[in-house]
Every structure is written in structure tokens, then in C-alpha cells.
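Student: sequence first, predicted model second:
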Amino acid sequence: MAMLRPHHDGSPLYVSNDAPALGDTVAVRLRVPSGYGPLRAVRTRSNPDHEPEWTDAVLLGSADGWDWFQAPVHVRNPRHGYRFVLLHEDGRVEWLNQTGIHTGETLDAEDFALVANPAPPAWLHHSVLYQVFPDRFARSADADRQPTPDWAIPASWDDPVDSVVPGRSQQFYGGDLPGVREHLDHLVELGVDLLYLTPVFPAGSNHRYDAASFDEIDPLLGGEDAYIELIQAAHARGIRVIGDLTSNHSGDRHEWFRQAHGHPGAETESFYYFTDAGNTTYESWLGTPTLPKFDWSSQALRERFITGEDSVVAKWLKPPYGIDGWRIDVANMTGRLGAVDLNAEVRQLLRETVRAINPDAIVLGESTNDAASDLQGDGWDGAMTYPAFTRPVWGWLSEPTGTPYLAYDGEQVSEPWFFTQPIGGIPRYTAREFADAVTRFTAGIPWRVRLGNMQPLDTHDTARFATNAAPGTLPVAVGLSMTLPGLPVIFAGDEFGLTGADGESSRTPMPWARQEEPELKSVFEMYRSLVGLRRSHEVLATGGMRWLHVDDDTVVFVRESAEQSVLVLATRGGADVELEPGLLTGAADAEELYGSATLAVASDGAVALAADGPSFAAWLLPGIRVPAA
């Protein structure tokens, strides 16, 4: 599929200021292949206050076979959408938005968008995130001195994960925070620089999403001293640390809930949705009684949780702890119940509080399905979301095995796990369908927010990608996570090729005793190389992106900036691709960065790319020349 067509995205090549204030004017640039037309005019169309506004673009000049146009956009709203309209001399009209070029009018929801809210710290977009589930990461010697909790089913480190009730939430391996600290050099060697810990508060489960308190660190993990020491040791190595907070619910052991449960008129009664006069029945997360749901209409809850000087959100951002932000669990359901929708208020309060305490801290929200409506830059700096990358890459690069897994009700099921969707297992996607899904689920999200969206192959809530990866495709998937726009995520153990058939059995203890085995070492080295690729090239963090070629087996795209570009090829079945002349600038100077694919440039400027079998390859190219304004 030829893709020599006009292009714009939210990167610095095309947008003069991605963090404007209301009332600012931003220069936006459009890149058009020379000879595309002729064009009578190029304009932007915005929709401030839901009333269209137009500006005219001027031709800046030409460079390397491209004409560059520039237009002013006046930022009127906190999320200010805009698109380009191209008027051809023959009367044709084309519209360009985040889904591409169209001959008919397009949706406002898919416009490019500027965000006039405080920008996240720049470090977010340059990070590679490493997720740790504390119970399964590492046991220190201190862990052996802790008593086994009343809810726990003790397990040895080499025991298989029990994914059915009661073991799924009560099997206890005893990993702790000193154990994490002892293995920070592993993170340094891998090259990651952002550590995300799932909850560390006291709870009645191994996952700790049922917090019994938000004001202390679970003694089973080593307590507050161990938390402080871990954060300090991580910071000393250049690794930031974010926590995990449940804004949708607490546990039923939580002090707030126990104070109010069965006690009408209690101080914390308003924190929850009690549904009877005696405060004995209540709303909970998906009907799970151990997870009573918060009622965010309560001003007292807002103060205790977010806005107060000593609130939960504030406490752990301040000294002596100093975490670098929060990942908010079940962010999509927070503040929402039937006719009630306070989600925007809560996420905005969270961001305001976090930024007021530490302007260099981040807030990421969990929104596992289509997250566009919540990701407009007014709260979350990005999200843990699956349809824009994770599920499509599974559909393309997995090879369903039919291996049984144990479902939530304990019944044997003969289809592979696919994000709890009852669709008969993992769907089969082509590379074209993968690219279409990436475009479709990012089209409604401002570019700046998209760069903060987490891009995991898997997490503690999913099966592990390697479980069903087609032979040879693991480097392809990891490479895509590191090179597409977004925040790469590694779930601890992925770098050793661990498997797990569903979101419980993936919570596998780290195989520290086997890490030098050749098979594990080989996977680790592949991960380390691709993390290094990401972190060595600024353009992979903030550069623009153009799809250059898509067919059923292969995608080719380029990340671009004024300083450098990186060309990427990813294929499942092998590639034999020719990019037409003019599509790619600077290919004659390409420097191989990763992989064994071949690149050849013809005398007319066409670029031939070839690879045998599943392959991921990347090349460094010169930066893009933009005519001066």
C-alpha cells in the first residue's frame, strides 16, 4: 500500500508548542508531497465552543520532495481540536485528521488536538516502565522473620501459581520491598528507569488491591522504612518509582469501611454507597463484597483521599517517601455508578493535588478498554489501556494453542485467555488489522496524552504474551512496544520469557535461581538490546510517526524529528517491500540499529526492504529538513 500522502502529527516537527495556555496561538505545519495537487488552498478547521473557525496556511517552502505549509491555530478551549482541509484546483476537497486523509467531512472526536492544561513532566515520555508485583518479585532474608498472615496460604518460591479460588488471592509467596531493593541492579542492567509497584498497603490478599489502610506500608513487605530505603536506592540509580492506588474502592478490612459498616451516622458513612438503613449492604466493585465502592460525592472523602494536606495522595509524594507519581487502579470506573458520573472531577482533583505537591510527578489511570473519552488531557497523563496496542499485537503475533486455563469460577476451559472477552479465544489479525486498530484507538486521543499511554505486552492482570506467541515473534512484539509512540512496559519476568495462561497464573515468581540459564539469558539480552534502542534515540520518545507500508504480514513506519529518524520494519511471515521514491528521506545514509533485515536504495530513490520469517529491524536515518518560517 503506497503511502505518499500529506502528513501531520503532534510532534515538534509539526506543532510549535504542545503545552499552550488558553489564548495562545500555535503554529501547526502540514507536510505535502511535492506535486500533490495542484492545491488552491490549505486551511485548518477548528471547532472552539462548537462553532467552526478557519485559518489559512501559507507555503513555507520545499525540502526533499515535500512542500511544507504552516497555519496559526488559536487555542480557545482546554482541548482544542483541529484538522486540515486541502482544496484542489480541480474542485476536490480532502480532510486530514488523526485517522488519515478523507474525501468527506470527518468527526470532531478524531481531530488533532492541543491541550491547554499543565503538561506532564518531560521525563515521562522518555521512560521505560518496569512493573513489579511485590509478592512475586523477590524474598529478602527479612521476609522469613515475618509471621504468616491469617488470610494466607503459604507457598514456596518454586511452587506453581494457584489460579483458582481460594489460592488466586490468598497464595502467599512472601516477596517484600527489601527483596526489590536487592535486585535494583537487575533493572539497571535491563535499562529501565521507571519502577511501578502494584499496591503495598496492608490488605487481605496477595494482590493488595483490597487495602485495609492507605496510611501505612504493609509490615509483610517490610513497612515504611523498607519503602523509604527502596525509593532512595532506586533514585540513586536514576530510577523513578510510582505507586498504585485504588480510587474506586477500598477493602472491606479498611478502617474507614469498618467504622461505617453496620454503624449508621459514622464519620465515614458518606465515603461508601450503603444501600440500607443499617449500613449493612453496599455497592462494590463488580459485586465483589471485599471491595466496597467509594462515593465521590462525599466532600469528606475527597479531603481525606486527595485534597487534604495530609491526604492519602499527598502523603506518599512528600518526604520522607517521595514517590514520583501514581498509577490509579480502576480509573475508568472511579466516580461512576449508574446515573452518577464524577470521574472528571476526581481525575482533575488528583492531577491538581499531585502537581501542586510535586510538579515533576505523574498520574496514570487504568482504563483497559476504549479510553479516549477520559484521555483528553484534563487529568490522566496517560493510561494503562489495552485496545490501542496490547490486544492488536496479540491478535497479529499470537498462535493460539488451545491450552486449557482455569477460569474465574474454577471450571476448565479449552480456549486461550484473551482479556476476559468471551469471543472464542485470541482473534487472528493481519498486520493490516493491527495497524488499523492502533490508528482507530489512538485517533481520539491528543498526541501529548498518547505518548504517556502505557504499551504493555502483558501485565499482572493478563496472560503473558509469550504463552501464545507464534514462533519467532517475541522480538517483533517487544520491538513494536519500544518503537511505537507510547510508554513501553515490561512486566517483571517478561525479560526471562515467563509464561502464564491467564491474569492469575501470569503472576509468576521471578526465576532468580535460573536467570543464567542460556534460554533465559537469551531472552534477557533481547529485551536489554531493545530497551537500549528505545533509550538511545530521542526520536523514539517524542518524534512523529508515519506509516510507510502495511500489508497482511508486515508493517513499516518511521519515527521522525529534525535531529534524526528511525525506520522500523516488523513482520510475522517475512517481508519483501518496496517504498516508492520520495516516501522516505535519507535512506541512502541508513545505519542498521537492530535486526538482520536488508535495506537497499535504488537509483530513483525507491527503498527495498527484505526479511526472512518473523523479523524486527530498525535503521537510523538523518533528521527531517523543514523550511524556515
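Tutor: Arrived safely.
Student: where does Phe548 sit, in terms of helix or strand?
Tutor: You called it Phe, but residue 548 is Leu. Per DSSP states H and E, Leu548 falls inside strand 544-550.
Student: ok, Asp225 next?
Tutor: helix 223-236.
Student: ok, and for that helix, which residues are buried?
Tutor: For helix 223-236, burial by neighbour count (16 or more other Cβ atoms under 10 Å) applies to Gly223, Glu224, Ala226, Tyr227, Ile228, Leu230, Ile231, Ala233, Ala234. Quick note: C-beta positions are derived from backbone N, CA and C, even for glycine.
Student: tally of neighbours for the nearest residue in space to Lys521 that is not next to it in sequence?
Tutor: Leaving aside its chain neighbours, Lys521 sits nearest to Gln515 (7.2 Å; criterion: Cβ to Cβ, 6 or more residues apart in numbering). Neighbourhood size, Gln515 [other Cβ atoms under 10 Å]: 13.
Student: how about low-confidence regions in the stretch 101-250 of the chain?
Tutor: The stretch 101-250 of the chain contains no residues with pLDDT under 70.
Student: helices along that one, start to end?
Tutor: 167-170, 177-182, 184-190, 223-236 (DSSP state H, counting those that start in this stretch).
Student: then the stretch 401-550 of the chain?
Tutor: Using DSSP H, counting those that start in this stretch, helices in the stretch 401-550 of the chain cover 431-442, 447-450, 474-483, 518-536, 539-542.
Student: average model confidence for the third one?
Tutor: In this case it means helix 474-483. What helix 474-483 shows for mean pLDDT is 98.
Student: need the contact partners of it.
Tutor: Applying Cβ atoms under 8 Å, 6 or more residues apart in numbering, the external contacts of helix 474-483 come out as 128, 389, 393, 397, 455-457, 465-466, 469, 488-489, 497, 523, 526-527, 530-531, 533-534, 540, 559, 566, 568, 570-572, 594-595, 614-616, 618.
Student: Ala203 contacts His254, correct?
Tutor: No. Assessed by Cβ atoms under 8 Å, Ala203 is found out of contact with His254, at 9.0 Å.
Student: okay, the spatially most central residue of the chain and Gly500: tell me how far apart.
Tutor: In the chain, the residue lying closest to the centroid (Cα atoms, centre = their mean) is Met454, at 0.9 Å. Taking Cβ to Cβ, to the nearest Å as the measure, Met454 falls 19 Å from Gly500.
Student: tell me which strands and helices the next helix or strand along the chain from the strand holding Leu548 is in contact with?
Tutor: Where DSSP H and E defines the elements, the next helix or strand beyond strand 544-550 is strand 554-560. If you count contacts as 3 or more Cβ pairs under 8 Å, 6 or more residues apart in numbering; DSSP states H and E, strand 554-560 packs onto helix 431-442, helix 539-542, strand 544-550, strand 564-571, strand 574-579.
Student: quick one: distance of the second one to the chain centre.
Tutor: Right, helix 539-542. 15 Å (Cα atoms, centre = their mean, to the nearest Å).
Student: cool, the longest one as well?
Tutor: Average the C-alpha atoms of helix 431-442, do the same for its chain, and the two points are 16 Å apart (Cα atoms, centre = their mean).
Student: now it: average pLDDT?
Tutor: 98.
Student: still on that earlier bit, got the contact list for the helix holding Asp225?
Tutor: 142, 176-178, 180-181, 184, 195, 200, 216-217, 221, 240-241, 320-323.
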